[in-house]
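Enquirer: need a structure here:
(2 chains)
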2 protein chains.
Amino acid sequence: MTKASSRKELMSNTVLEKAAVLFAERGFAGTSLRDIAEAMGMTRPALYYYFDSKETLLRELVRGITGVGSQELRKLRERTDLSAAEKLRTVVIGTAVRVAESPVRFRLLERNEAELPDSILQEHSASKGRILDELSAIIGDGVRSGEFRPVNERITAFSVIGMINWIAWWYNPQGPSSPEEIAEEMYTLVSRGLLRGEDRVPARGIEGAVALLREDLTHLERLLADGERPTS
Amino acid sequence: MTKASSRKELMSNTVLEKAAVLFAERGFAGTSLRDIAEAMGMTRPALYYYFDSKETLLRELVRGITGVGSQELRKLRERTDLSAAEKLRTVVIGTAVRVAESPVRFRLLERNEAELPDSILQEHSASKGRILDELSAIIGDGVRSGEFRPVNERITAFSVIGMINWIAWWYNPQGPSSPEEIAEEMYTLVSRGLLRGEDRVPARGIEGAVALLREDLTHLERLLADGERPTS
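Expert: Residues are numbered from 1 along each chain as shown, chains lettered A, B, ... in the order given. Sure thing, here's the model as predicted:
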């Protein structure tokens, strides 16, 4: 990527973030390209360099959320060098971090789907459908290979998607947990929920043993913090 | 309950469902009591028998979702005859079934919170906060007793709430799974994600936690003695 094109991409992204905030406040219909230019401290012609219409901008905003996700997910699902749990980890960590980093965009879309122009809405719905299908397929592959319990793959996929999407409604960047910590916590919950009994130790080898130690140290710390006394 | 009061309650509930559909279509501000009466095939005076104002109706709609939930949850959390997993089961099954049975009400609230009159919004937000606190406390109790892994109780509570709330966005009454089946699938995922492996249920208290640590250390020592290298 050239310096200029990477600068353009960075700036486009800033415009998208700002536009999402305005759309969230005023709705799609109530926000003009002029409003967005003003909020960016740009002239309208300068904004046109990045987005030639409000529709292009909206489409980009929507694609950034569901479009990219569904393509990445298909490639991931087709890989033969990863276990189902490893694929699931990639999806959960990647998506949860992305939602926590752009909560406004996610909330905006879910709350204002009905206001999207038809063509964009159709593209968005199709992408959402593909995301659900790919995630269900990853979970189903894990079930068939015996790696996961025999779960209902569709309900489980919806559960994972719901858990992650909801981050957009509660995540506070000033709060105690980073996007990465939230993502790890969710992945651990889901993977332990899915893996068969014998495999429930999080990772093999020395790293797995250290992870166990850390888990049990946290447990001890909490007990001590609560001032609990030995029971015997 | 007398026959008349139970009939009134049934009818009130039908009015609430119908009102939720209209609110979802036209927004709170765009829906009048007259619209609701018309949609019910009632006169306005007849509707007044159930709800004396749109505000009363809205308040009832909101309370039915978060108000009832937070009260039930507090009573449940305080019970001493149930394990943390049993309490979690009651919450997950009860809430998931309720969301699947009234998806319109749930979506409506989440999408139109900003339009709620201030007093109702405050009551709603306070109830949501209490639901989160109670569910976090149930999970935290399970962690402290050694029943659950040492998870971050708040992120886990948000994960459970998100997974369940999301049902309102995808559940299809004509689909293959009943509300009860969805609820069971979600409870199994979450409880298996939280429970310690059967072989790793610790004795209670600090001594139990120390015993687990000793076990982990032995495990690590053996791996090191075997000359195993870190996996990455």
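
Enquirer: so the spatially most central residue of chain A, which of the three states?
Expert: Nearest to the mean C-alpha position of chain A, counting by CA atoms, centre = their mean, stands residue A:95 at 2.3 Å. Per DSSP: H, G, I helix; E, B strand; the rest coil, the secondary structure class of residue A:95 is helix.

Enquirer: residues touching it, list them.
Expert: Contacts here follow CB atoms under 8 Å, 6 or more residues apart in numbering or on different chains; on that basis residue A:95 touches A:69, A:164. Any C-beta I mention is one placed from the backbone N, CA and C, and that applies to glycine too.

Enquirer: In terms of pLDDT, where does it sit?
Expert: Note for residue A:95: predicted pLDDT of 92.

Enquirer: Domain map for chain A?
Expert: A:55-200, A:202-232 (automatic domain parsing).

Enquirer: next one: the last one to chain centre, how far?
Expert: For domain A:202-232, the separation from the chain centroid amounts to 29 Å (computed by CA atoms, centre = their mean, to the nearest Å).

Enquirer: where exactly do the helices run in chain A?
Expert: For chain A, applying DSSP state H gives helices covering A:3-26, A:33-40, A:44-48, A:54-62, A:68-78, A:84-101, A:103-112, A:118-144, A:153-165, A:167-170, A:179-194, A:205-225.

Enquirer: tell me what the first one is packed against?
Expert: What that stands for is helix A:3-26. Counting contacts by 3 or more CB pairs under 8 Å, 6 or more residues apart in numbering or on different chains; DSSP states H and E, helix A:3-26 is packed against helix A:33-40, helix A:54-62, helix A:103-112.

Enquirer: could I get it in PDB with only the CA atoms?
Expert: The C-alpha trace of helix A:3-26 is given here as PDB (Å, rounded to 0.1, in the frame of the first residue of the first chain):
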ATOM      1  CA  LYS A   3       1.600   6.100   1.800                       C
ATOM      2  CA  ALA A   4      -1.100   8.200   0.100                       C
ATOM      3  CA  SER A   5      -3.600   5.200  -0.100                       C
ATOM      4  CA  SER A   6      -3.000   4.300   3.500                       C
ATOM      5  CA  ARG A   7      -3.600   7.900   4.500                       C
ATOM      6  CA  LYS A   8      -6.800   7.900   2.500                       C
ATOM      7  CA  GLU A   9      -7.900   4.700   4.300                       C
ATOM      8  CA  LEU A  10      -7.200   6.100   7.700                       C
ATOM      9  CA  MET A  11      -9.100   9.300   6.900                       C
ATOM     10  CA  SER A  12     -12.000   7.300   5.400                       C
ATOM     11  CA  ASN A  13     -12.200   5.400   8.600                       C
ATOM     12  CA  THR A  14     -12.300   8.600  10.700                       C
ATOM     13  CA  VAL A  15     -15.100   9.900   8.500                       C
ATOM     14  CA  LEU A  16     -17.000   6.600   8.900                       C
ATOM     15  CA  GLU A  17     -16.700   6.800  12.700                       C
ATOM     16  CA  LYS A  18     -17.900  10.400  12.800                       C
ATOM     17  CA  ALA A  19     -20.800   9.600  10.300                       C
ATOM     18  CA  ALA A  20     -21.800   6.700  12.500                       C
ATOM     19  CA  VAL A  21     -22.100   9.000  15.600                       C
ATOM     20  CA  LEU A  22     -24.200  11.500  13.600                       C
ATOM     21  CA  PHE A  23     -26.400   8.800  12.100                       C
ATOM     22  CA  ALA A  24     -26.900   7.300  15.600                       C
ATOM     23  CA  GLU A  25     -28.000  10.800  16.900                       C
ATOM     24  CA  ARG A  26     -30.100  11.900  14.000                       C
END
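
Enquirer: ok, back up a step: lowest-confidence stretch among the domains of chain A?
Expert: domain A:202-232 (a mean of 70).

Enquirer: Give me the buried stretch members for it, please.
Expert: A:202, A:206, A:208-209, A:211-213, A:215-216, A:218-220, A:222-223 (16 or more other CB atoms under 10 Å in any protein chain shown).

Enquirer: related to what we said a few turns ago, and of the helices and strands packed on helix A:3-26, who's closest to chain B?
Expert: helix A:103-112 (5.0 Å; CB to the nearest CB).

Enquirer: quick one: contacts of the closest one?
Expert: So helix A:103-112 is in contact with A:16-17, A:20-21, A:23-24, A:27-28, A:61-62, A:64-66, A:99, A:124, A:165, A:167-169, A:171, B:110-111, B:169, going by CB under 8 Å, 6+ apart.

Enquirer: let's go with 7 Å and repeat that
Expert: Contact with helix A:103-112 is made by A:20-21, A:23-24, A:27-28, A:61-62, A:64-65, A:99, A:165, A:167-169, A:171, B:111, as judged by CB atoms under 7 Å, 6 or more residues apart in numbering or on different chains.

Enquirer: Give me the nearest residue to residue A:185, chain neighbours excluded.
Expert: residue B:155 (4.5 Å; CB to CB, 6 or more residues apart in numbering or on different chains).
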